[in-house]
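Visitor: Let's see this in three dimensions:
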Amino acid sequence: MTKATAEERNRRAERRTAGFAVLDNKGRLALPKDIRGALGVHAGSTMAYV
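Guide: Purely as a prediction, here's the structure:
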């Protein structure tokens, strides 16, 4: 079996990804409104990420 290139791994990851979030300068992630709605989270919600 051959090793996947970084580009191939990125393409595969993008197909499994629902969206992207960017850290701000204070290290916070902003989740898009549609993602927050789908998850049922709001200001003050506690979330775990794995």
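Visitor: what about the longest helix in this protein?
Guide: The residue-count maximum for a helix in the chain (DSSP state H) belongs to helix 6-15.
Visitor: Residues touching that helix, excluding its own?
Guide: By Cβ atoms under 8 Å, 6 or more residues apart in numbering, the surrounding residues in contact with helix 6-15 are residue 4. Bear in mind the C-beta positions are built from the backbone N, C-alpha and C, glycine included.
Visitor: Enumerate the positions of the very next helix or strand once past that helix that are buried.
Guide: Under the assignment DSSP states H and E, the closest C-terminal helix or strand after helix 6-15 is helix 33-39. Residues of helix 33-39 classed as buried: none (neighbour count, 16 or more other Cβ atoms under 10 Å).
Visitor: Show me where this protein dips below the pLDDT cut-off.
Guide: Within the chain, the stretches with pLDDT under 70 are 1-2, 14, 17-18.
Visitor: redo that, cut-off 50
Guide: Within the chain, no range satisfies pLDDT under 50.
Visitor: tell me, what residue is most central in it?
Guide: Per Cα atoms, centre = their mean, the C-alpha nearest to the average position across the chain is that of residue 20, at 4.5 Å.
Visitor: what about that residue, distance to residue 4?
Guide: 21 Å (Cβ to Cβ, to the nearest Å).
Visitor: Likewise for residue 21?
Guide: Separation of residue 21 from residue 4 (Cβ to Cβ): 25 Å.
Visitor: Residue 37 now?
Guide: Taking Cβ to Cβ as the criterion, residue 37 is separated from residue 4 by 34 Å.
Visitor: Over to residue 13?
Guide: According to Cβ to Cβ, residue 13 and residue 4 sit 11 Å apart.
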